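# just the structure for this:
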Amino acid sequence: MRGVGVHLVSDVNVKPVSEYAPEDAALLCSVGRLICAWTMLEQSLEAKIGMMRDAMGDVRTVGARTRPSMSKLMTELRTMVAMRDRRNASALTEISAIERDMQRIDRFRALIIQGFQQPEPGGFACRDLRNNQIHVSLDQLEGEISALEEVAQRLLAV
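The predicted structure is shown next:
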């Protein structure tokens, strides 16, 4: 006698990634680029904080025990910039604007990573946290990758 869970799983028809059509390659590549761009942003932020620490005479490493979250890194950046630019609040204003953009992009990234369903013409289907079906176009994905790269440049310029 088979368990109920095993029976249900065997009835699910899931297409392996190797069977995606060649036209889906650009889509899958873009999903990978989004993930890589986010990771590169995290690494750039860690490097910037490390350089700022060196310039201020602090030799600790960023996240010596565990890798810090993006919010912790942004908090540390904001604190260091506030100490560096005591009379100039424009950098802190820019950091706040960057954080808002990063939060929006991070929500989009989470939708892609956690909600990806399948390729569709011109993009792919996702399900959001409320289980709503959403179509994400390849142009939308490319736009978010560009926005993420722009945020990285703005962040490094602070």
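# packing partners for the helix ranked longest in the chain?
When the chain is parsed with DSSP state H, its longest helix is helix 25-55. Counting contacts by 3 or more CB pairs under 8 Å, 6 or more residues apart in numbering; DSSP states H and E, helix 25-55 packs against helix 70-84, helix 90-115, strand 116-120, helix 138-157. Where you see a C-beta, it was placed from the backbone N, CA and C, and this is true even at glycine.
# the longest one vs helix 25-55, what angle?
Translated: helix 90-115. Following axes from the mean of the first three to the mean of the last three CA atoms, to 10 degrees, one obtains 140 degrees for the angle between helix 90-115 and helix 25-55.
# so for helix 90-115, mean pLDDT?
Averaging pLDDT along helix 90-115 yields 93.
# go on, the last one?
Mean pLDDT, helix 138-157: 93.
# and the gap between the most centrally placed residue in the chain and A97?
In the chain, the centroid-proximal residue (CA atoms, centre = their mean) is W38; its distance is 4.1 Å. Computed as CB to CB, to the nearest Å, the W38 to A97 distance reads 18 Å.
# now do G57
Taking CB to CB, one finds G57 at 29 Å from A97.
# of these two, which one has the most company?
Neighbours were counted for G57 and for A97 using other CB atoms under 10 Å; A97 has more, 12 against 6.
# with distance to M52 added, can I get the helices and strands packed on helix 25-55 in a markdown table?
Compiled in a markdown table, the helices and strands packed on helix 25-55 are given as follows (distance: least, CB to CB, whole Å):
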| stretch | distance to M52 |
| --- | --- |
| helix 70-84 | 5 |
| helix 90-115 | 12 |
| strand 116-120 | 36 |
| helix 138-157 | 11 |
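# Y20 is nearest to which of these?
strand 116-120 (6.2 Å; CB to CB).
# helices or strands up against that closest one?
Strand 116-120 sits against helix 25-55, strand 123-127, with contacts defined as 3+ CB pairs under 8 Å, 6+ apart.
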